[in-house]
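A.B. asks: this is a predicted model, with the sequence first.
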Amino acid sequence: MTLPRTAADVLTSHVTFEVECIDRMYLNVYVPRLQYATGLVGYIRRHLGLPVASTAALAPITEAFTTAVRAFAAGRGVPWVDFAKGQRKDDVAQEYLAGHDGGEGVLFIGRAQEKTTVFRTRRRHREDGSPYPWIARDTAVINHFYFYCVDADFGPFFLKFASYFPFNAKLCLNGNEWAKRQATKAGIGFEPLDNGFAAVDDPAALQAICDRLGPAHIDALLRKWLARLPHPFGPADRAAGYRYDLSILQAEFSLTQMLDTPVAGRIFFEQVIRDNLDLGRPDRVGLIFGRSIYRGRKNRTPGSFATRVVTDGVTPSLHVHYKTTKIKQYHKLGRALRTETTINNTLDFELGKRLTNLPALRQIGYTANRRLLGVQRLSRDPSLGADALHTICDPITHSDGTHVAGLRLTDPRAQALLHILLIFRLHPNGFTNKDLRGLLAEHLGRPPGALTAGQATYDLRRLREHGLITRTPHTHRYQVTDTGLQHAAFLARVHDRILRAGLADLHDPTPTRLRAASRTYQAALDQLTRQAGIAA
């Protein structure tokens, strides 16, 4: 087995299988009619039938829900955890999962105090000075109840309720865990990887499973557990239309590419980090997300555009930012290349937040992952270019001692031959020694007939030995090879448009951008040298 030398080589030859899947999703669970003050007033006055719209009337409902949660935990023997400040809730969940028997049920209920939006009653005054209650939005630190559960279809997930009316909630689930359980039900063998798959018997069937996960499955999960857990709203409330709905708060879309060896992943990141630190620039990140980025004074695209490299121990990860969206790429457990697009605001892509927009959002996430990898595939091994340059420009010495001259890039005669090859490529029947003599003399500024047949034969031999032309069998005619066309066009343009133009810029007595940049760079080096001397 040969080691990969480029990012493109890793992606092409060292990926054993890959799978795209919705990863972690964080969803808002809310009653649409109770998200604004007038809706709350309608609930109090029309639904509850109270004459005065005041949040004080909601206190008994809040107390009843808190009592129901406590009674649920006590009646079913569900462990109760009061989260400490700064404590990682996922770590606690992992401890309970480690001792879980795998069946469906509630692992534990956690309580944490967190800041959230609430409604409060304020006192306002009419023009005559008489007071009246006014319901307005506010923020407060209140109790939140975390129900950590295991579902037969989705595996571990949690549902978090605010303890104050209107009892907004959050649902957190993982699509890869859902796919694992569906693969097991379908009889597809696989080796699990943390939040993914390390090996699978039928990658195509697994991908088909991942593609099935949609809004209907997620909505069914919510309805199933709302019926099992303490519900803040009673049957009369739900019959009156006060029912929970779902919207997308955060969605991750992952592409996991399993690698044949750990070293392939290390080589990939070494090159990607070296060659792609400018991925977050507006012009490049716009290509990844297929969006136009405007950086002018008018209609400026909001948000930060940046590339970060984060190192956890010895494992690096690449982060590319676009508005509130982020792509993260890392070497997962030393075995897989993981690319994740996390969308924190669907409005970044002119999509609504309702769960029905998940298919369109998934397409955006998957496409962003693929486009990032497409950009990284453009990286090339510099040694390949060096070998090609030496093959064309350096002399050749055969085993019998015969010597074939090279085509030095700065040699006028070699440059003339490269330009002539571009012309001869258009000749369907090829060209002859005589054809070459005429054009070569013209390019070198010599009179017609100045070059002999022997001199042209010398040039034909070195062009043929370097693989730029080939002789048509049983004739004295020659054809330009595909390699000859590609290398001649590239080297001729580099010589004419970059080397000559750049050197002319550097030696031009009038100010030029290249000279100014060269002086700035040299001044920075001089300053660094002086500082090093002082430090020594």
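C.D. replies: Yep, that arrived.

A.B. asks: and residue 10, that's in a strand?
C.D. replies: No. Counting by DSSP: H, G, I helix; E, B strand; the rest coil, residue 10 is located in no strand; its state is helix.

A.B. asks: where are the low-confidence patches of this structure?
C.D. replies: 1-5, 273-315, 378-386, 532-536 (pLDDT under 70).

A.B. asks: taking the centroid of it, which residue is nearest it?
C.D. replies: Centroid check for the chain by Cα atoms, centre = their mean gives residue 327 as the closest residue, at 3.2 Å.

A.B. asks: so that one: helix, strand or coil?
C.D. replies: State at residue 327, reduced to three classes by three-state DSSP: strand.

A.B. asks: look up the closest residue to it, ignoring the ones flanking it.
C.D. replies: Using Cβ to Cβ, 6 or more residues apart in numbering and skipping residues adjacent in sequence, the residue nearest residue 327 is residue 320, 4.5 Å away. C-beta coordinates here come from the backbone N, C-alpha and C atoms, glycine included.

A.B. asks: who's the one you found bridged to?
C.D. replies: residue 307, residue 327 (DSSP bridges).

A.B. asks: isn't it right up against residue 340?
C.D. replies: No. Between residue 320 and residue 340 there is no contact under Cβ atoms under 8 Å: 10.9 Å.

A.B. asks: who touches both of these two?
C.D. replies: 327, 329 (Cβ atoms under 8 Å, 6 or more residues apart in numbering).

A.B. asks: the more surrounded of the two?
C.D. replies: Counting neighbours by other Cβ atoms under 10 Å for residue 320 and for residue 340 shows that residue 320 has the greater number, 25 against 22.

A.B. asks: how far away is the more buried one from residue 360?
C.D. replies: Distance, residue 320 to residue 360, by Cβ to Cβ, to the nearest Å: 21 Å.

A.B. asks: next, the contact list for residue 65, please.
C.D. replies: 161, 163, 167, 230, 232.

A.B. asks: ok, and the most crowded of those?
C.D. replies: residue 232 (26 neighbours).

A.B. asks: what does that residue show for phi and psi?
C.D. replies: Backbone torsions of residue 232, given as degrees, to the nearest 10, read phi -70, psi -30.

A.B. asks: so what's it up against?
C.D. replies: Neighbour list for residue 232: 61, 65, 161, 165, 167 [criterion: Cβ under 8 Å, 6+ apart].

A.B. asks: let's see 7 Å
C.D. replies: Contacts for residue 232 (Cβ atoms under 7 Å, 6 or more residues apart in numbering) come out as 65, 161, 167.

A.B. asks: okay, helices next: where are they in the stretch 151-300 of the chain?
C.D. replies: Under the criterion DSSP state H, counting those that start in this stretch, the stretch 151-300 of the chain contains helices at 175-185, 203-212, 215-226, 235-239, 262-275, 282-289.

A.B. asks: of all those helices, which one is nearest residue 89?
C.D. replies: helix 175-185 (16.8 Å; Cβ to Cβ).

A.B. asks: quick one: the closest one to helix 215-226, angle?
C.D. replies: Angle of helix 175-185 versus helix 215-226, following axes from the mean of the first three to the mean of the last three Cα atoms, to 10 degrees, is 90 degrees.

A.B. asks: okay, angle between helix 175-185 and helix 203-212 too, please.
C.D. replies: Relative orientation of helix 175-185 versus helix 203-212 (the same axes, to 10 degrees): 130 degrees.

A.B. asks: farthest from the middle of the chain: give me that residue.
C.D. replies: Largest separation from the mean C-alpha position in the chain: residue 449, at 62.2 Å (Cα atoms, centre = their mean).

A.B. asks: helix, strand or coil for it?
C.D. replies: Here residue 449 takes the coil state, with states given by three-state DSSP.

A.B. asks: next: residue 132.
C.D. replies: Assignment for residue 132 (three-state DSSP): strand.

A.B. asks: for it, which non-adjacent residue is spatially closest?
C.D. replies: residue 124 (5.8 Å).

A.B. asks: quick check: the residue nearest to residue 327 touching residue 328?
C.D. replies: No. Here residue 320 does not reach residue 328: they are 8.1 Å apart, not a contact under Cβ atoms under 7 Å.

A.B. asks: mind telling me what element the closest residue to residue 468 other than its chain neighbours is part of?
C.D. replies: Computed as Cβ to Cβ, 6+ apart, the closest residue to residue 468 that is not its neighbour in sequence is residue 484, at 3.4 Å. Residue 484 belongs to helix 482-493 when assigned by DSSP states H and E.

A.B. asks: which strands or helices does the next helix or strand after that helix pack on?
C.D. replies: Using DSSP H and E, the helix or strand that follows helix 482-493 towards the C-terminus is helix 500-507. With contacts taken as 3 or more Cβ pairs under 7 Å, 6 or more residues apart in numbering; DSSP states H and E, helix 500-507 sits against helix 513-535.
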